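1. Fold the following for me, if possible:
(2 chains)
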Amino acid sequence: MDNATDLINRSGSTVEIDATGVYYRDLNTVLRNVCSGDVERIELRNVCGQRYIGTDLGRQVNIDIHGTPGNDLGAFMDGPRITVRGNAQDGCGNTMNEGQIVVHGHAGDITGFAMRGGKIFIRDNVGYRVGIHMKQYLSKVPWLVIGGTAQDFLGEYMAGGLLVVLGLNLKEGESHKANFIGTGMHAGVMYIRGSVAKEQLGKEVGAVELEEQDRRILGDLVGEFASHFGYDAGHILAGKFTKLVPLSLRPYGRLYAY
Amino acid sequence: MQSKTMANPYNPYGDDKVIAACSIFGMMDTSGRRFSGADVTRAIANMHDRGNGLGGGFGVYGIYPEHADKYALHIMFEDSLTRRDVEAFLRDSFHIAYAEEVPTRPARGIVNPPVVWRYFVSLNDRRPGDLTEDDLVVQKIMQINTTFSAACVFSSGKNMGVFKGVGYPEDISAFFRLDEYEGYLWTAHGRFPTNTKGWWGGAHPFSILDWTVVHNGEISSYGINRRYLEMFGYHCTMHTDTEVVAYAVDLLLRRHNLPMEIAAKVFAPPLWSRIDRLEEGSAERALLTTLRQVYSSLLLNGPFTVIIAHEGEMIGLTDRIRLRPLIAGTKGDVLYLSSEEAAIRLICPDLEQAWSPMGGEPIVGRLKTDKQRKTAPAKEWAVV
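-> Below is the predicted model:
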């Protein structure tokens, strides 16, 4: 694009970019161009709906987003560490492979969609179908930790990874509202803090007691979550957790068998 | 190979990737303060890439205070001969208080627009006794839309108006000079047609009397809804699924006198599995079961988010498993509804709250000064 340099203000290893009115493709082109050499930190100002931020950068860099990034934030992302000072829209972390997204606010539908690695931390609530078809392979185990609550079809068709919902904004005695939790889930683990009734679960998952190993894993995830948002991890971990696991590795294996 | 005629003239990137979904936006000042179309146009333009330029439109309430007691008919004509014939029909059916061509200006991307006129009409004395004025107006519109193939009545309410056509919404806004109008409630739509071709009448909002609907999604129950509505005299002429929502709203709210909260349970009823969990013999269970039985043909199946509006009220509603996005925001007296949060924050950076309702839960904004509702004041932001 023309005059891209007008948007960029560089000091040392930090680059500041004013995204006011910049078309998403142009913004992502600027990001690709500045994301080389010794740049360690990128401050994106006045972001408003631009899609795919953080995609296709292929290296570790810290990106601070001020404003509201558009859909598919960090799609296919492979390394960058994004912090959003605001809310994220739909499709945050779509098929992300490596890196981190920390959202100081809420996030929309299908957060962590088909995520295969890296970590996502959302401070507040998330929308529908969060964690849909997350997966894992060998050492690649994606983390998705939500501080608030989630809407229906949480962890739908989940195929791997760790999904935690902390319910920190639920009132005393208030339960999670999501229905069809884990519908079609066939691998991975969900941990939910706060009460969830059996009829809120999809047919393919079951609730089990936490074991010692679960406590260790949760300690890691919640510890990191708490450090991002300044919460007390011990207080969060003292709550009651339910572990949800799939009842079958191939819930639909016989669907088309005739 | 990319065909030349289909190439998007605004795509400088030389590819044909389509990342579309419709965009919808609504903004209402519940204090009744009127504002121009400038902000709503910026907001819908911020979601430019959800549409593909084959439809854009706006619904505005409170724009014709000088003719507030007249039905404002917005009619598009393909040619002036048709206009002559339709005007003869109008003179025969109504008293025309005032008529003019809707002012436009040349705008980027708007090609071969039809001629658009507006007529402020009241009913003449030859009204059959057993029909209400509204019923008769609906009947006359159906008559025009089914008789004249080169004319289309696309707006017919009092003190409100629909402006729409083929183009991106921001270009349609420029074409119809919407920065020069003021209303207390605006809805907007950017279209990505999925099942039918883009044409001027097929852009959103769809409207009958002062009901308007903008929609993102697909009404897969269109056939069954359409046949049911035909029994009540509604004829679908716009070749687009959304049209049924406008007529269904008119039937349920105006003719069957149901409140919006109940109509929402007809369009997006709770799943049977949810109803089964309600207490046996409870009033709620009985109501939900009855609604599903009586109005099963008005259940809207498939993915949808709609913004429905009429005088003094704006409603956001999604299908019960929310297959299309909707986010609401508030600041003071103003309620915003949008496909994407960024569009709201662009025009209201200091939003007080923003949230996504559960699927099938309507968000209702009501005019605080609405006289009919004075006896039973509604909650400011009724999330039902």
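2. For beta bridges, what are the partners of A:G67?
-> According to DSSP bridges, the partner residues bridging A:G67 are A:V47.
3. residues in contact with it?
-> Contacts for A:G67 (C-beta atoms under 8 Å, 6 or more residues apart in numbering or on different chains) come out as A:A19, A:L44, A:R45, A:N46, A:V47, A:C48, A:R85, A:G86, B:A342, B:R345. Any C-beta I mention is one placed from the backbone N, CA and C, and that applies to glycine too.
4. Confirm that the second one sits in a strand.
-> Think A:L44. Yes. Using DSSP: H, G, I helix; E, B strand; the rest coil, the assignment for A:L44 is a strand.
5. That one and A:H66 touch, don't they?
-> Yes. At 6.6 Å, A:L44 counts as touching A:H66 under the criterion of C-beta atoms under 8 Å.
6. between the two, who's got more neighbours?
-> Applying other C-beta atoms under 10 Å in any protein chain shown to A:L44 and A:H66 shows that A:L44 carries more neighbours, namely 26 against 15.
7. Model confidence score at that one, please.
-> At A:L44, the model reports a pLDDT of 97.
8. Next one: it from chain B, what distance?
-> Distance, A:L44 to chain B, by C-beta to the nearest C-beta, to the nearest Å: 13 Å.
9. would you put the C-alpha positions of stretch B:207-217 in PDB?
-> The C-alpha trace of stretch B:207-217 is given here as PDB (Å, rounded to 0.1, in the frame of the first residue of the first chain):
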ATOM      1  CA  SER B 207     -41.200  -4.200   5.000                       C
ATOM      2  CA  ILE B 208     -44.900  -4.200   5.200                       C
ATOM      3  CA  LEU B 209     -46.700  -1.200   6.800                       C
ATOM      4  CA  ASP B 210     -44.200   0.000   9.400                       C
ATOM      5  CA  TRP B 211     -42.600  -3.400  10.000                       C
ATOM      6  CA  THR B 212     -39.100  -3.800   8.700                       C
ATOM      7  CA  VAL B 213     -36.800  -6.800   8.900                       C
ATOM      8  CA  VAL B 214     -33.000  -7.000   8.100                       C
ATOM      9  CA  HIS B 215     -31.600 -10.500   8.200                       C
ATOM     10  CA  ASN B 216     -28.400 -12.400   8.100                       C
ATOM     11  CA  GLY B 217     -28.800 -16.100   7.400                       C
END
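10. So in chain A, where's the weakest helix or strand by average pLDDT?
-> Taking mean pLDDT, DSSP states H and E as the measure, the helices and strands of chain A show their lowest mean at strand A:8-11, namely a mean of 89.
11. and it, how far from the chain's centre?
-> 29 Å (C-alpha atoms, centre = their mean, to the nearest Å).
12. Contacts for it next, please.
-> In contact with strand A:8-11 (C-beta under 8 Å, 6+ apart) are residues A:V15, A:E16, A:I17, A:D18, A:V30, A:V34.
13. OK, contacts around B:S93?
-> Per C-beta under 8 Å, 6+ apart, neighbours of B:S93: B:N124, B:K140.
14. now the strands for the stretch 101-250 of chain A?
-> A:119-122, A:143-146, A:159-165, A:187-193, A:205-208, A:241-246 (DSSP state E, counting those that start in this stretch).
15. shouldn't B:S31 be in contact with B:K368?
-> Yes. Using C-beta under 8 Å, B:S31 is in contact with B:K368, at 6.0 Å.
16. mind showing which ranges of the chain have poor pLDDT?
-> Unless you meant another one, I'm taking chain A. Applying pLDDT under 70 to chain A flags residues A:1-4, A:255-258.
17. ah, I was thinking of chain B
-> For chain B, the stretches with pLDDT under 70 are B:1-20, B:126-127, B:195, B:369-384.
18. Where does the residue in it that chain A sits nearest to sit: helix, strand or coil?
-> The minimum distance from chain B to chain A, using C-beta to the nearest C-beta, falls at B:A342 (3.1 Å). Of the three states, B:A342 takes helix under three-state DSSP.
19. That one against A:I65, yeah?
-> No. B:A342 lies out of contact with A:I65 (C-beta under 8 Å); the separation is 11.5 Å.
20. what residues does the stretch 101-250 of chain A put near chain B?
-> A:H106, A:G108, A:D109, A:N125, A:G127, A:Y128, A:Q151, A:D152, A:F153, A:K177, A:N179, A:E199 (C-beta under 8 Å from any C-beta of the partner chain).
21. can we see that at 7 Å?
-> By C-beta under 7 Å from any C-beta of the partner chain, the residues of the stretch 101-250 of chain A that approach chain B are A:G108, A:D109, A:G127, A:Y128, A:Q151, A:D152, A:K177, A:E199.
22. Around the last one, how many other residues sit close by?
-> This means A:E199. With other C-beta under 10 Å as criterion, A:E199 counts 10.
23. Please name the nearest non-neighbouring residue to it.
-> B:R277 (6.1 Å; C-beta to C-beta, 6 or more residues apart in numbering or on different chains).
24. The one you found and B:P357: what is the separation?
-> Distance check for B:R277 against B:P357: by C-beta to C-beta, to the nearest Å, it reads 20 Å.
25. Looking only at neighbour counts, state which of the two leads.
-> Neighbour count, other C-beta under 10 Å: between B:R277 and B:P357, B:P357 has more, with 19 against 13.
26. coming back round to it: leaving out the residues flanking it, which one is nearest to the residue of chain B closest to chain A?
-> Nearest non-adjacent residue to B:A342 (C-beta to C-beta, 6+ apart): A:G49, at 3.1 Å.
27. again with A:A19
-> Distances taken as C-beta to C-beta, 6+ apart place A:V47 nearest to A:A19, at 4.7 Å, with adjacent residues excluded.
28. Over to A:A207?
-> Nearest to A:A207 is A:T242, by C-beta to C-beta, 6+ apart, at 5.1 Å.
29. what about that neighbour, how many residues close to it?
-> 19.
30. hey, what's it bridged with?
-> The partner residues for A:T242, given DSSP bridges, come to A:I192.
31. Tell me which residues touch it, please.
-> A:T242 is in contact with A:I192, A:V196, A:A207, counting by C-beta atoms under 7 Å, 6 or more residues apart in numbering or on different chains.
32. same question, B:E352
-> B:E352 makes contacts with B:T330, B:K331, as judged by C-beta under 7 Å, 6+ apart.
33. phi, psi of it?
-> The phi/psi pair for B:E352 (degrees, to the nearest 10) reads phi -80, psi -40.
34. repeat for B:A268
-> Torsion angles, degrees, to the nearest 10, at B:A268: phi -130, psi 70.
35. and the spatially most central residue of chain B, what helix or strand is that in?
-> For chain B, the residue nearest the mean C-alpha position is B:V213 (2.1 Å; C-alpha atoms, centre = their mean). Under the criterion of DSSP states H and E, B:V213 resides in strand B:211-217.
36. For that strand, which helices and strands make contact with it?
-> Here strand B:211-217 touches strand B:185-190, helix B:243-249, strand B:304-310, going by 3 or more C-beta pairs under 7 Å, 6 or more residues apart in numbering or on different chains; DSSP states H and E.
37. Let me have these in CSV, extended by mean neighbour count and distance to B:G217.
-> Conversion of those to CSV gives the following (neighbours: other C-beta atoms under 10 Å in any protein chain shown; distance: least, C-beta to C-beta, whole Å):
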stretch, mean neighbour count, distance to B:G217
strand B:185-190, 31, 12
helix B:243-249, 26, 10
strand B:304-310, 28, 3
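38. Tell me which of the ones you listed lies nearest to B:G202.
-> helix B:243-249 (8.8 Å; C-beta to C-beta).
39. in chain B, which spans are helices?
-> B:38-45, B:80-93, B:133-147, B:169-175, B:222-230, B:243-249, B:260-267, B:272-276, B:283-294, B:341-347 (DSSP state H).
40. closest one to B:H310 among these?
-> helix B:243-249 (7.8 Å).
41. rewinding a little: could I get the contacts of A:T242 as TSV with neighbour count?
-> Shown next, in TSV, are those (neighbours: other C-beta atoms under 10 Å in any protein chain shown):
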residue	neighbour count
A:I192	28
A:V196	22
A:A207	16
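42. which bits of chain B sit near chain A?
-> So chain B meets chain A at B:13, B:46, B:277, B:321-322, B:325, B:340-343, B:345-346, B:354, B:356, B:358-359 (C-beta under 7 Å from any C-beta).
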